[in-house]
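A.B. asks: Quick one, what's the 3D model for this:
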Amino acid sequence: MTQKTYWHLEHERRIPTEYELASSKLLYYKTHRGFELTMPLDQWYEQHQLNSELQCQQWDRFSDPRATTYTSYTEMQSDKETFVDALLELMGSSDYDAGLNAAHVELLEKVIAPMRYPVHGLQMVASYFAHMAPEGRITIASMFQSLDEVRRIQRLAYRTRLLQLTHPKFAHNSQSVWENDPMWQPLREIIERLLVVYDWGQSFVVCNLVVKPLFDELMMVHFGHLAKCNGDYLLDQMLGSLHQDCL
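C.D. replies: Next up is the predicted model:
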């Protein structure tokens, strides 16, 4: 009998789903065996993946509950992008920003503009443990997470630019705020430390089970509610859409 292209899924005794076909047996690095050829990366993967503190005998038993493929991801995100595009268009084509009170604009300058920096850190961390993950489906899910962070960075930058059109000096010092404002320093320290955590399991756990859930809840939910209380209801809706990615 001719071997099927999905021979490794035959034990399911059914035709595989699109997700199963697209996500199975993808990694060129074989856990517990290494690369097919001797490569400079061998020692790095052995130390930071194979000998990670996070261990599992059957990583391939993981399956994305949402069964996300590239096609389903882009379709889902397209709807969200259309929604946020409409919000930003409304902000930019009206006197919305001129109607925000000065205290709230000052708060946005302290929070929204510098927020690009920690989100970029989270994006780099997700890209790293996606690269180092011992199973292809973990890699795929983590790369979608990294793409979500890119979307969040882009939308925060776009919102910052819109505010600059009404308030020309807005966010002129956002990097300095991120690096020096006492409010940001505990988060900056842990993000920068996380960027040099090379054990893939530690990186994954600290990011996805500790730092990211707290950060996302604080900034996407609670800050959104605060913005709404200050009359900035469109920002609350934009952050709500970004929070769907976080979840």
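A.B. asks: Next, the contact list for the most centrally placed residue in the chain, please.
C.D. replies: Nearest to the mean C-alpha position of the chain, by C-alpha atoms, centre = their mean, lies Glu149 at 3.4 Å. By C-beta atoms under 8 Å, 6 or more residues apart in numbering, the contact set of Glu149 is 119-120, 122-123, 126. All C-beta spots, glycine's among them, are computed from the backbone N, C-alpha and C.
A.B. asks: could you pull out the strands for this structure?
C.D. replies: For the chain, no strands are identified by DSSP state E.
A.B. asks: mind listing what's buried in the lengthiest helix in it?
C.D. replies: If you go by DSSP state H, the chain has its longest helix at helix 136-166. Residues of helix 136-166 classed as buried under the neighbour-count rule (16 or more other C-beta atoms under 10 Å) are 136-149, 151-153, 155-157, 159-160, 162-163, 166.
A.B. asks: could you give the mean pLDDT of that helix?
C.D. replies: In this model, helix 136-166 carries a mean pLDDT of 96.
A.B. asks: send the alpha carbons of the lowest-mean-pLDDT helix or strand in the chain over as CSV?
C.D. replies: Least confident helix or strand of the chain, by mean pLDDT, DSSP states H and E, is helix 18-23 with a mean of 81. Output of helix 18-23 as CSV, limited to C-alpha atoms (Å, rounded to 0.1, in the frame of the first residue of the first chain):
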residue,chain,number,x,y,z
GLU,A,18,-6.7,21.0,8.1
TYR,A,19,-5.2,22.1,11.4
GLU,A,20,-3.7,18.6,12.0
LEU,A,21,-2.2,18.4,8.5
ALA,A,22,-0.7,21.9,8.7
SER,A,23,0.7,21.6,12.2
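A.B. asks: just checking, what packs against it?
C.D. replies: helix 136-166 (3 or more C-beta pairs under 8 Å, 6 or more residues apart in numbering; DSSP states H and E).
A.B. asks: close enough to count as contact, Trp59 and Ile138?
C.D. replies: Yes. Contact criterion C-beta atoms under 8 Å: Trp59 and Ile138 qualify, at 6.9 Å.
A.B. asks: What distance do you get for Gln123 to Arg66?
C.D. replies: 20 Å (C-beta to C-beta, to the nearest Å).
A.B. asks: okay, those two: which has more neighbours?
C.D. replies: Per other C-beta atoms under 10 Å, whichever of Gln123 and Arg66 has more neighbours is Gln123, with 19 against 12.
A.B. asks: my guess is Cys246 meets Lys212, correct?
C.D. replies: Yes. With contact defined as C-beta under 8 Å, Cys246 reaches Lys212; the gap is 7.4 Å.
A.B. asks: so what's Ala171 closest to, chain neighbours aside?
C.D. replies: In this structure, Ala171 finds its nearest non-sequential neighbour in Ala113, 3.6 Å apart by C-beta to C-beta, 6 or more residues apart in numbering.
A.B. asks: and the one you found, how many neighbours?
C.D. replies: Neighbours of Ala113 (other C-beta under 10 Å): 24.
A.B. asks: Ok, Asp95 next?
C.D. replies: 9.
A.B. asks: Likewise for Asp64?
C.D. replies: For Asp64, using other C-beta under 10 Å, the count is 14.
A.B. asks: Could you measure from it over to Thr139?
C.D. replies: 11 Å.
A.B. asks: Repeat that for Val197.
C.D. replies: Distance check for Val197 against Thr139: by C-beta to C-beta, it reads 18 Å.
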